[in-house]
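**Student:** coordinates only, no sequence provided:
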């Protein structure tokens, strides 16, 4: 069955189906999705640990749990880790695993590129954390804040390796993200099941499509900023060097042209997950599908028109501040519409409060609060009082934990049986939800008060007598409750994975195509690609309304399915830039082997590209049913 | 005052009510913007509270609707069949698009008005050039020929035009009770203004992350009654001739300050003396300041001595070196000298 033609590749395509190397060489979107999920969750725990240490330091005024420099490194890496190494990969896990299943495809358009995206993410994630090995005292862990404003990042003010590590690490991560973005756009536009027109796609597919487009337009901007910064540091290029005529505000504009759309990269897929989970557990179709799709696209466009609201205090003047105030207010409209549509989806349904549903309802409650404080930030004159205070910290923790993370947890409980063939324990699930929900509010709601009492963000210590003590202490207590909830969640994973694989194909009475498949799905996904006639086709297939046909399996008996072959080239190609960047770092450390390492990296890149191009088609033909 | 500003004054009444219950007396909350003490902060806080009320009203309504839906439509035993599948409703979609737009328009007008109202200092303002350094603030009164640090004295009831810039990285000038933030950016001069309606001491703090000791970069604004301010200006200008009537110990401190032993003069300026360094804060009137080290230590004899001995204990990353090598009596003499500067 395997097609083993002779090829010009220097390493044959691996054929192992199990074991360590089968995971390293896998190009199966489902396995890559699991890899993204597990890695993202581990880094989410790392980011949580960093947050926990910071909350210990801030529990009381004037504590000395960590040094100023360590604290600054902690908040820089907490944000960097949560955004780029935790939340984005966790969302990527959903996209990778689900998109082909939701659109009735056998894989993504470019399976090897997909693997490449994962590996360069993993290497970038390790790279950006490498400074911890040398400790924070010398500035070798990034301690410049996650938006790394010039000119604090200049060699003069940040002489350690931290900034270089941060810049190079983000460049690596950006490559993987961009490649993913292209991959999903091509997949979604070209590989949908017959009959699935764009307006019949599940909303999560739409949010992935829009998110991918945002990635493609937003990441080049930050890449430019990072390379300018790298040139400033390595070659005294003076882009941001004021005394040589550079502009520090240039960095801010370039960063936020990326940074604000990035916010929507983090929230739109989460909204997509909620739009899938709510209808299933309410047994009702999504209310206002076309409005949801349109508002998603609108948010995607408008996300590029609001970046300067991060810069209301830099002195842009009342005209520019007013314009960005208005554009920012405008974006509240499509966002609010979504919340009303979710409420209407539940209205008149029969709501089952599974753990997935609990997190989805929790999402609506928390995201509403985060959205409303976001609306408050839109008013530039009053935002100058909120800007860079804990009020902003409250806002984005409500949007990112209460919003994105709750959606991720909802999605995990919803799709866990599909991915692992086992239903998560509902009793442990409820415990983890209520602990996380209560812990989150205890930890993050006081931030609103701290902000309104004048506590700036990013301070490692504070004086007593400013009215901040009680809220800070409460917040730290909240972190312990939140952490307990996360521990219960992990316990649930462990307990569940030890149970037999007995989840039914369709445990929730699902609506979309993935629930037509066994749990977990076979490697080829669909033995017969279905023809889709309706939105929520599987639901209407099970619960027909009238005589309309929803889903059709009566196509001719399928030919053997060709599956793409495994390949080691993606991991090798991802390793190459990592090695090159390590060489750059060695040069910066004035180590003599910097140049040889860089050369070695380029050689590996050429080898990997050669192998990629010439390793042959590979793959195997599978008869449906075989190997199930 | 425009129509929107007048309405905001009405709203400010409710604001006081809310702030009062929420904060239980603002005198113990020296850094809250909810207790504005000048026209700029009042305009900003009025808008802030307006948006806050709208946010709270919407938040409570949505939460109530959510709770209603969750209770009313939860799955009950004995229910069978599937609920009616509803695709959507155009009228509803239009309603919940238009209502938010109307609310936003009602916010947009006061926002734009406030943006312009707070942008330009009124005529007759006193000019202060404020410069951010890692990690302290320099204040210069170009019309009065006075340079000081970390403690800004202003006349109450008179607008102060701020020319904000930075000597190194980006900082942000923020006195919550007087005005929101304006960044201090190297290579740029940002114009902002503050006015304190009542004589009082107002706390400020750097609000843009600027490195290791960002948390330790604070300052105070002391608004004095106009005649007291004028008196202070005259006294302060007299100090430019250099300190007079030094005790023997203080005189020894001065010698140490200006010698290679203490080497303080390499970085600090004391007007009218040999010390003309420009790296650290101007210390001409350090004896009359209520705090030292950019607002993080009360200005006492012991604190000043401990600070000079080991500044990095209080302000990690500071460029001021340790003076632990100096004998105790030398440190005492230097502190004596500095405390006499008032």
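**Tutor:** Received it, and whenever you're ready, just let me know what you need. Because the structure is predicted, anything quoted here is derived from the model rather than measured.

**Student:** pLDDT wise, what is residue A:614 at?
**Tutor:** Looking at residue A:614, its pLDDT reads 89.

**Student:** what sits closest to it if chain neighbours are left out?
**Tutor:** residue A:8 (3.8 Å; Cβ to Cβ, 6 or more residues apart in numbering or on different chains). Every C-beta, even on glycine, is put in place using the N, C-alpha and C of the backbone.

**Student:** was I right to think residue A:334 contacts residue A:298?
**Tutor:** Yes. With contacts counted by Cβ atoms under 8 Å, residue A:334 reaches residue A:298, the gap being 4.6 Å.

**Student:** which one of these two has more residues nearby?
**Tutor:** residue A:334 (21 against 18; other Cβ atoms under 10 Å in any protein chain shown).

**Student:** how about that one, what does it touch?
**Tutor:** The neighbours of residue A:334, taking Cβ atoms under 8 Å, 6 or more residues apart in numbering or on different chains as the test, are A:294-296, A:298-299, A:302.

**Student:** quick one: buried residues of the helix or strand containing it?
**Tutor:** For residue A:334, the enclosing helix or strand under DSSP states H and E is helix A:318-346. For helix A:318-346, a neighbour-count test (16 or more other Cβ atoms under 10 Å in any protein chain shown) marks A:318, A:320-346 as buried.

**Student:** stretch B:147-163 now?
**Tutor:** Under 16+ other Cβ under 10 Å, the buried positions of stretch B:147-163 are B:147-156, B:159-163.

**Student:** and that stretch, how far out from the chain middle?
**Tutor:** 12 Å (Cα atoms, centre = their mean, to the nearest Å).

**Student:** near residue 120, how many other residues are there?
**Tutor:** All of this refers to chain A. When neighbours are counted by other Cβ under 10 Å, residue A:120 comes out with 27.

**Student:** correction: the question concerned chain B.
**Tutor:** Residue B:120: 14 surrounding residues under other Cβ under 10 Å.

**Student:** what of the one 4 residues further on?
**Tutor:** Look at residue B:124: counted by other Cβ under 10 Å, it has 8 neighbours.

**Student:** which of the three states applies to residue A:21?
**Tutor:** helix (DSSP: H, G, I helix; E, B strand; the rest coil).

**Student:** wait, it sits on residue A:13?
**Tutor:** No. Using Cβ under 8 Å as the test, residue A:21 is too far from residue A:13 to be in contact (11.6 Å).

**Student:** now do the strands in the chain.
**Tutor:** Answering for chain A, as no chain was given. A:531-532, A:551-552, A:561-563, A:620-622 (DSSP state E).

**Student:** hm, I was asking about chain B
**Tutor:** Going by DSSP E, chain B shows strands at B:126-133, B:136-141, B:146-149, B:151-155, B:160-166, B:171-175, B:179-184, B:190-194, B:200-205, B:218-224, B:291-292, B:297-298.

**Student:** so which of the ones you listed comes closest to chain A?
**Tutor:** Evaluated over those, closeness to chain A peaks at strand B:179-184, with 2.6 Å, by Cβ to the nearest Cβ.

**Student:** that closest one vs strand B:200-205, what angle?
**Tutor:** 50 degrees (axes from the mean of the first three to the mean of the last three Cα atoms, to 10 degrees).

**Student:** low-confidence ranges in the chain?
**Tutor:** All of this is about chain A. A:1-7, A:554-558, A:625-628 (pLDDT under 70).

**Student:** switch to chain B, please.
**Tutor:** In chain B, residues with pLDDT under 70: B:1-27.

**Student:** can you list the domains in it?
**Tutor:** B:3-71+B:88-117, B:126-224, B:248-339 (automatic domain parsing).

**Student:** and these, which is most packed in?
**Tutor:** Highest mean neighbour count of these: domain B:126-224, a mean of 23 (counted as mean count of other Cβ atoms under 10 Å in any protein chain shown).

**Student:** would you mind measuring the gap between the ends of that one?
**Tutor:** Using Cα to Cα, to the nearest Å, the end-to-end distance of domain B:126-224 comes out at 13 Å.

**Student:** and stretch B:271-287, by the same measure?
**Tutor:** Span of stretch B:271-287 from end to end, Cα to Cα: 13 Å.

**Student:** contacting residues around that stretch?
**Tutor:** Under Cβ under 8 Å, 6+ apart, the answer for stretch B:271-287 is B:133, B:136, B:138, B:147-150, B:236, B:239-243, B:254, B:257-258, B:264-270, B:292, B:294, B:299, B:319-320, B:338-342.

**Student:** neighbours of residue A:549, how many?
**Tutor:** 14.

**Student:** just to check, it is in contact with residue A:537?
**Tutor:** No. In this structure, residue A:549 is not within contact of residue A:537 by Cβ under 8 Å, at 9.3 Å.

**Student:** I figured residue A:69 was touching residue B:316, is that so?
**Tutor:** Yes. Between residue A:69 and residue B:316 there is a contact at 6.6 Å, judged by Cβ under 8 Å.

**Student:** on that earlier part again, chain A next: which of the buried residues of stretch B:147-163 are close?
**Tutor:** Contacts with chain A are made by none of the buried residues of stretch B:147-163, judged by Cβ under 8 Å from any Cβ of the partner chain.

**Student:** so what's residue A:28 up against?
**Tutor:** A:107, A:111, A:523.

**Student:** just to be sure, which of the residues you listed are found in helices?
**Tutor:** residue A:111 (DSSP state H).

**Student:** so which of the contacts of residue A:28 is surrounded by the most neighbours?
**Tutor:** residue A:111 (24 neighbours).

**Student:** stretch A:407-415 and chain B, are they touching?
**Tutor:** No. Stretch A:407-415 is not in contact with chain B by Cβ under 8 Å from any Cβ; minimum separation 14.7 Å.

**Student:** burial of residue A:452, as a residue count?
**Tutor:** 27.

**Student:** wait, it touches residue A:393, no?
**Tutor:** No. Look at residue A:452 against residue A:393 with Cβ under 8 Å: they stay out of range, at 12.0 Å.

**Student:** neighbour count: residue A:21 and residue A:13, which is higher?
**Tutor:** residue A:13 (23 against 13).

**Student:** what sits against the more buried one?
**Tutor:** With Cβ under 8 Å, 6+ apart, residue A:13 has these contacts: A:25, A:565-568, A:615-616, A:618-619.

**Student:** output those as JSON lines; include the columns neighbour count.
**Tutor:** Listed next are those as JSON lines, based on neighbours: other Cβ atoms under 10 Å in any protein chain shown:
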{"residue": "A:25", "neighbour count": "21"}
{"residue": "A:565", "neighbour count": "22"}
{"residue": "A:566", "neighbour count": "27"}
{"residue": "A:567", "neighbour count": "29"}
{"residue": "A:568", "neighbour count": "20"}
{"residue": "A:615", "neighbour count": "20"}
{"residue": "A:616", "neighbour count": "17"}
{"residue": "A:618", "neighbour count": "21"}
{"residue": "A:619", "neighbour count": "19"}
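
**Student:** out of those, who's nearest chain B?
**Tutor:** residue A:619 (40.9 Å).

**Student:** contact partners for the closest one?
**Tutor:** Residue A:619 touches A:3, A:13, A:562-565, counting by Cβ under 8 Å, 6+ apart.
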